[in-house]
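>>> just need the structure, nothing else, for what follows:
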Amino acid sequence: MRERLERFMQGRYGVDQLAQFMNIFLLILIVISFFFHSRIFNLIIFLLLIFTYSRMFSRNYSRCSAQNQWFLNKTEGIRRMFGKQKAYNEIRKDYHIYTCKKCKQKIKIPKGKGKIIITCPKCGYEFQKRS
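This is a model prediction of the structure:
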C-alpha cells in the first residue's frame with residue numbers, strides 16, 4: 001500500500017508549509033462547523049479543502065513553490081517570534097537569565113552554582129544573584 005502511494009505521489013508537489021497550515025486551519029474550521037451549522041461556511045471549508053489537496057497533488061512545481069514562498073514571506077515575522085521564544089525556553093532549562101539594572105543587558109548564568117557575583121560584560125556593573 002505504501003509503495004502504491006509513493007508511486008502515485010511521484011512527480012507531484014506534495015506537502016509543504018502552506019499545506020500544513022491549511023490542513024490545521026481546515027481542521028479548526030471543521031470543529032467550529034459542528035457548533036455553527038451554515039451551508040455557506042461548509043461550502044467555504046469544502047472549497048479550501050479542494051484548493052489544499054489540488055496543490056498537494058499538483059505537478060506544477062513552480063506555481064506551488066511560488067505560493068509557498070509567498071506564504072513564508074507573509075508569515076516570516078510570526079515564525080521568527082515563535083522561533084526566538086522556543087530558543088529562549090531551551091536556554092532557560094540550563095541557565096538563569098538576569099538583566100543588568102544599569103544598562104538592561106541580559107546575562108546568561110548556568111544553573112546550580114549557588115550565590116555568585118555577576119559582572120555585566122557591557123557596563124561592568126556587579127551584582128549578586130543566586131544561580
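>>> what comes into contact with the helix or strand harbouring Leu27?
Applying DSSP states H and E as the criterion places Leu27 in helix 17-35. Helix 17-35 has contacts (CB atoms under 8 Å, 6 or more residues apart in numbering) with 41-42, 44-45, 48-49, 51-52, 55-56, 67-68, 71-72, 75. Placement of C-beta: from N, CA and C, glycine included.
>>> mind doing that once more with 10 Å?
Outside helix 17-35, the residues that touch it by CB atoms under 10 Å, 6 or more residues apart in numbering are 13, 15-16, 41-42, 44-46, 48-49, 51-53, 55-56, 64-65, 67-72, 75, 79.
>>> for the chain, which segments count as strands?
95-99, 106-110, 115-119, 126-130 (DSSP state E).
>>> any idea how far the third one is from the chain center?
Right, the one you point to is strand 115-119. Strand 115-119 sits 36 Å away from the centroid of its parent chain (CA atoms, centre = their mean, to the nearest Å).
>>> geometric centre of this protein: which residue is closest?
Arg79 (4.9 Å; CA atoms, centre = their mean).
>>> contacts only, for the closest residue to that one other than its chain neighbours.
Leaving aside its sequence neighbours, Arg79 sits nearest to Leu72 (CB to CB, 6 or more residues apart in numbering; 7.8 Å). By CB under 10 Å, 6+ apart, the contact list for Leu72 reads Asp16, Gln17, Leu18, Arg79.
>>> and Asp94, by the same measure?
By CB under 10 Å, 6+ apart, the contact set of Asp94 is Lys108, Pro110, Lys111, Gly112.
>>> sweet, I'm off.
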